[in-house]
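S.K.: build me a structure from this.
(2 chains)
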Amino acid sequence: LLISEYIVAFNGYFTAKARNSFISSALKSSAIDNWRIIPRNNPSSDYPSDFEVIQIKEKQKSGLLTLEDHPNIKRVTPQRKVFRSLKYTEAEPGSPCNETRWSQKWQSSRPLRRASLSLGSGFWHATGRHSSRRLLRAIPRQVAQTLQADVLWQMGYTGTNVRVAVFDTGLSEKHPHFKNVKERTNWTNERTLDDGLGHGTFVAGVIASMRECQGFAPDAELHIFRVFTNNQVSYTSWFLDAFNYAILKKIDVLNLSIGGPDFMDHPFVDKVWELTANNVIMVSAIGNDGPLYGTLNNPADQMDVIGVGGIDFEDNIARFSSRGMTTWELPGGYGRVKPDIVTYGAGVRGSGVKGGCRALSGTSVASPVVAGAVTLLVSTVQKRELVNPASMKQALIASARRLPGVNMFEQGHGKLDLLRAYQILNSYKPQASLSPSYIDLTECPYMWPYCSQPIYYGGMPTIVNVTILNGMGVTGRIVDKPEWQPYLPQHGDNIEVAFSYSSVLWPWSGYLAISISVTKKAASWEGVAQGHVMVTVASPAEVDSNSGAEQTEEEYFPEEVAKLRRDVDNGLSLIVFSDWYNTSVMRKVKFYDENTRQWWMPDTGGANVPALNELLSVWNMAFSDGLYEGDFTLANHDMYYASGCSIAKFPEDGIVITQTFKDQGLEVLKQETVVVENVPILGLYQLPAEGGGRVVLYGDSNCLDDSHRQKDCFWLLDALLQFTSYGVTPPSLSHSGARQRPPSGAGLAAPERMEGNHLHRYSKVLEARLGGPEPRALPACPHLSWAKPQPLNETAPSNLWKHQKLLSIDLDKVVLPNFRSNRPQVRPLSPGESGAWDIPGGIMPGRYNQEVGQTIPVFAFLGAMVVLAFFVVQINKAKSRPKRRKPRVKRPQLVQQVHPPKAPSSWGAPSRAARGQVEPWGLRSPGSKGLKPSAGRVQELRARAARGWGHWRAPKGSLGSDLAGRLAPKTKTTSKGCRGGSGSDQARRAP
Amino acid sequence: MVNLAAMVWRRLLRKRWVLALVFGLSLVYFLTSTFKQEERAVRDRNLLQVQDHDQPIPWKVQFNLGNSSRPSNQCRNSIQGKHLITDELGYVCERRDLLVNGCCNVNAPGTKQHCCDGCLPNGCCSAYEYCVSCCLQPSKQLLLERFLNRAAVAFQNLFMAVEDHFELCLAKCRTSSQSVQHENTYRDPIAKYCYGESPPELFPA
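M.R.: This is a model prediction of the structure:
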């Protein structure tokens, strides 16, 4: 609110002169003299307007009332703060950028959030939605300079005496970019230390290259660990031995630009913990499986590891960057916020295999950016004993710059800010901190999805898994218990809080899970409640305390089925998006995994149709075991049915839409293409009973799923929600030409559960019994013991949203020399660097820029083939003609045969035969990447069976853990895939 | 220009021997480059399988026998432990009993030297700290020397860099490629830290 500024709105449009006279006449009567009209200099000021902004210096409220009495004045409203913050942004950039520019002078309270973010980042890092308007050509891709590493270089810090390990595909011996390669070791079964892929060279270059495309810490000791073959194969056992060596060599910073979903690999995870416990700062890529949520890779999802996500040079989260929450805690726990920080990962320049530079994208690019920055930071610290995995992570988190409009499960704590991290680290005192440091359930979009979930009395508690980082020692514990201290004036007593936490914080970290619920007395209360949580962390030899603020605002169990049916009878509506389930196809898509030496077979298809049918049977509905695929149009929307089932049975009075599809099941099983007409795919039904709910079935869930989606069907979901909520049937569906009589289900066998499937191994519902799996007893409701609140009769601090601050850190103490106050956007090229900017074509994750050298043999081969073909034709022709008369006559004939469009008959025969083979392939799989269409299909079906509720099993079954099983198609070989290397494509590649 | 191309076509390219030559050269280039790659791959694989056991590996491990007095006031220790920690003299103590100089407080009630708690006869222990402490027993020296002499090449990197008895025990007791089966499960999830020669016994599934 702006004191003394008001907007005066008039009844109509008047000229400036008329407006002035109205106001002055109105104010004259109230004896206010000290006022003025604030001039608005914009193109519209020449035209009549219906409002005026005035400033009244005196504090006379009564004058305002007289203003409103004037016949031509509609209303008077105080000027809003929004205008003020905009002015600030105008004023600030003019101020000189001195050493205080990184410290936070402004105090931001939550309601001012919009303004504070634009302020905080508006100086020289124009982060924001509008930044996409910047010229692409002007963006320096030299990532070290972009992050202002040159400021630290000029202070004399270049990574000296810091041991960095690069776990990757190796590095050539005499690469021109590196001056301090201390050691190269090979841990693979290939007898070479050199990098045949370019991934390891690139990563090492981003960290420590000294020329052309410069890295962060050119003087750091490089230890190259080759743990990946040129075919991108790697095994856990190689890692275990290599990690042991890294511990022995007392590595300070370790970059792992690799990762996989296989976090149930206990030996590997244990070893990662062991590594950080031995003071190795682990930096790892969060994964290239975005934009799907819950795709974080191991080991970047570990609490003690710095997990790095990728952004582009315009500060947008890179599409490929994996996002949280972590799935590591499943099934017993709740996910944490990850990645920890984000940094540039798209189109970054780094070293090529044999020198020179190339641009690469992927989180495996972002990871060495942070690893290089961390290396540089370690070398700036005088008291090296203060640097440990936790303190480094605390410094990076506390200094990160938050990106506007991005939630915390995508950006973590924000974008890496090297110089602020330097300031924080150099005034660091050992302490514990929390990540996230505050919880504001009303803050959107940062706290998404929490901010979209209302909390009310009787609802499920909201759970937040907070990570405790303990910079005081590798091991620590929480003294007594965490305490909940509600602020009474802020209605803090209206919420209840329960805790569960690690008994021992090791290594360097632990969890603090907070369950938030509404007390009974606030059942009908509405508002914002505040309080804070007090945690005391003790490490041997030292004790410290810290506080964080908190604020609020498969199969079915029989009981579940009964409850759902009862609810639908009483008005609950149900929309079911199903998927394929066909036991023959499931058997067909099984595969042998060479790494675990086991057969993997899906336990369900894309959906567990038998279980769904059991649920739906009471309404006389069922899905079939068909498997259909095809494009179609529904209500003027282009749709794609990727691989779904059909509706086998539907009530007579329901609405059923049918389409014409290809039978994908036959295609996979027998390589035959059969077109099936009138496949029922969508059914809408209103229960006849009074107050009964509505049920909608659709046979394919692919269009809702980001990972396989080609054409989305959110419009359909919207339309169906209209139907279920209000009973409005969209005419485009009810009067569609594709509407058919509902199928009765006669003559169709319902899909049966696959004989001998092992779903019960992974299911929370089924358990193995003699005579087949049966549902378990219904589990008891989880019981939370609410913490005893210790109310504080004090007002909550006005600014809950603080840039994560570490205790006892005075940023102003660490002064950065003011090298360049105005940083040029375009940096002059360094010698030897080509002037050509990389075309940002490498935005796709992990796409290497092709080198021309590799294509020469291909051309040679093609050339040879063309000549060979020519000879074949010649010989063929010679054979088909019994006798040549004269060699002279042959020449003109040959010319005739090659050039004229009319080909002689002898030429036609072989070519037609060849075409006959090519055609069906071309027709069948326009989108499939592989040569053989059925192989592509099988891949996709596998991927889809693996996702969601699909489970895979290993018949020999030593890998009987839920998630290892679920993600089985990406076991060992692929699971630790090079991040830049192939990303999500790899996940679908057959191991 | 067109005339020239036509002439070249008629005179030169249509001659069979020219085409044969082009074809032959391309084929030779293609085959040689393919074979060269294959040869290299084959050689790598062979090297991996055939290891010469004749050459003894020059270990630099120094065992300081019978010298149980502290070399200095400072101790190296096992750093990583959650609850326990082992110093270079083989004392195991709780973390809170660790002195500022890195040594275990010998007078603390829980501190034990050369302790083999939870270690099996095959040389595998359930706690890393006890494995290190047990491995530091002077009597284990023969065992370790024997192990060093026949250590697999995969461990050459690691044990070549080890300098003394304590470092050797720290490195030997860690879980390694010998500790796992199917790459992602422990052979024995309980006693997985081994100072002995043999890998952990396969846990009955």
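
S.K.: tell me the spacing between the residue lying closest to B:Ser179 once chain neighbours are set aside and B:Cys173.
M.R.: Excluding its sequence neighbours, the residue lying closest to B:Ser179 (Cβ to Cβ, 6 or more residues apart in numbering or on different chains) is B:Lys192, at 5.3 Å. Bear in mind the C-beta positions are built from the backbone N, C-alpha and C, glycine included. B:Lys192 sits 10 Å away from B:Cys173 when distances are taken as Cβ to Cβ, to the nearest Å.

S.K.: tell me the centre residue of chain B?
M.R.: By Cα atoms, centre = their mean, the mean C-alpha position of chain B lies nearest to B:Phe155, the distance being 3.7 Å.

S.K.: verify the contact between that one and A:Asp241 for me.
M.R.: Yes. Applying Cβ atoms under 8 Å as the test, B:Phe155 and A:Asp241 come out as touching, 7.0 Å apart.

S.K.: who touches both of these two?
M.R.: Listed as contacting both B:Phe155 and A:Asp241 by Cβ atoms under 8 Å, 6 or more residues apart in numbering or on different chains are B:Ser176.

S.K.: element containing A:Val568?
M.R.: Using DSSP states H and E, A:Val568 sits in helix A:558-569.

S.K.: start and end of stretch A:348-368, how far apart?
M.R.: With Cα to Cα, to the nearest Å as the measure, the first residue of stretch A:348-368 is 11 Å from its last.

S.K.: stretch A:517-532 now?
M.R.: Termini of stretch A:517-532 sit 14 Å apart (Cα to Cα).

S.K.: pull out the buried positions in it.
M.R.: Neighbour counts using 16 or more other Cβ atoms under 10 Å in any protein chain shown place A:Ser517, A:Val518, A:Thr519, A:Ala522, A:Val528, A:Ala529, A:Gln530, A:Gly531, A:His532 of stretch A:517-532 among the buried residues.

S.K.: figure out how far that stretch is from the centre of its chain.
M.R.: 33 Å (Cα atoms, centre = their mean, to the nearest Å).

S.K.: so which residues of chain B form helices?
M.R.: Along chain B, the stretches classed as helices by DSSP state H are B:2-8, B:16-49, B:128-135, B:141-149, B:156-160, B:165-173.

S.K.: then the stretch 551-700 of chain A?
M.R.: Using DSSP state H, counting those that start in this stretch, the helices of the stretch 551-700 of chain A run over residues A:558-569, A:583-588, A:609-616, A:664-670.

S.K.: show me what contacts A:Val143?
M.R.: With contacts defined as Cβ under 8 Å, 6+ apart, A:Val143 is in contact with A:Val206, A:Tyr344, A:Val348, A:Arg349, A:Val369.

S.K.: report the two of those residues separated the most.
M.R.: In terms of Cβ to Cβ, these reach their longest pairwise distance at A:Arg349 and A:Val369, which sit 11.2 Å apart.

S.K.: now the buried residues of stretch A:517-532 as CSV including secondary structure and pLDDT?
M.R.: As requested, those are arranged in CSV below (DSSP: H, G, I helix; E, B strand; the rest coil; pLDDT from 0 to 100):
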residue, secondary structure, pLDDT
A:Ser517, strand, 91
A:Val518, strand, 91
A:Thr519, coil, 91
A:Ala522, helix, 89
A:Val528, coil, 88
A:Ala529, coil, 88
A:Gln530, strand, 87
A:Gly531, strand, 87
A:His532, strand, 86
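
S.K.: would TSV of these with distance to B:Arg95 be doable?
M.R.: Converted to TSV, the buried residues of stretch A:517-532 look like this (distance: Cβ to Cβ, whole Å):
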residue	distance to B:Arg95
A:Ser517	37
A:Val518	41
A:Thr519	40
A:Ala522	44
A:Val528	43
A:Ala529	40
A:Gln530	37
A:Gly531	34
A:His532	30
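
S.K.: which one of the residues you listed is nearest A:Thr185?
M.R.: For the buried residues of stretch A:517-532, with A:Thr185 as the reference and Cβ to Cβ as the criterion, the closest is A:His532, at 49.1 Å.

S.K.: from chain B, how far off is that closest one?
M.R.: Computed with Cβ to the nearest Cβ, to the nearest Å, the distance linking A:His532 and chain B is 29 Å.

S.K.: and the residue nearest the centre of chain A?
M.R.: Most central residue of chain A, judged by C-alpha distance to the mean C-alpha position with Cα atoms, centre = their mean, is A:Arg323 at 2.8 Å.

S.K.: and the gap between that residue and chain B?
M.R.: Noted for A:Arg323: a distance of 25 Å to chain B, by Cβ to the nearest Cβ.

S.K.: then A:Glu190?
M.R.: Taken as Cβ to the nearest Cβ, the span from A:Glu190 to chain B is 5 Å.

S.K.: same question, A:Val474
M.R.: Relative to chain B, A:Val474 is positioned 7 Å away (Cβ to the nearest Cβ).

S.K.: need the contact list for that residue.
M.R.: A:Ala277, A:Asn279, A:Asn388, A:Trp506, A:Pro507, A:Trp508, B:Ile79, B:Gln80, B:Gly81.

S.K.: do I have it right that the first one meets B:Ile79?
M.R.: This means A:Ala277. Yes. Because the distance of 6.9 Å satisfies Cβ under 8 Å, A:Ala277 is recorded as touching B:Ile79.

S.K.: who has more neighbours, these two?
M.R.: Neighbour count, other Cβ atoms under 10 Å in any protein chain shown: between A:Ala277 and B:Ile79, A:Ala277 has more, with 22 against 15.
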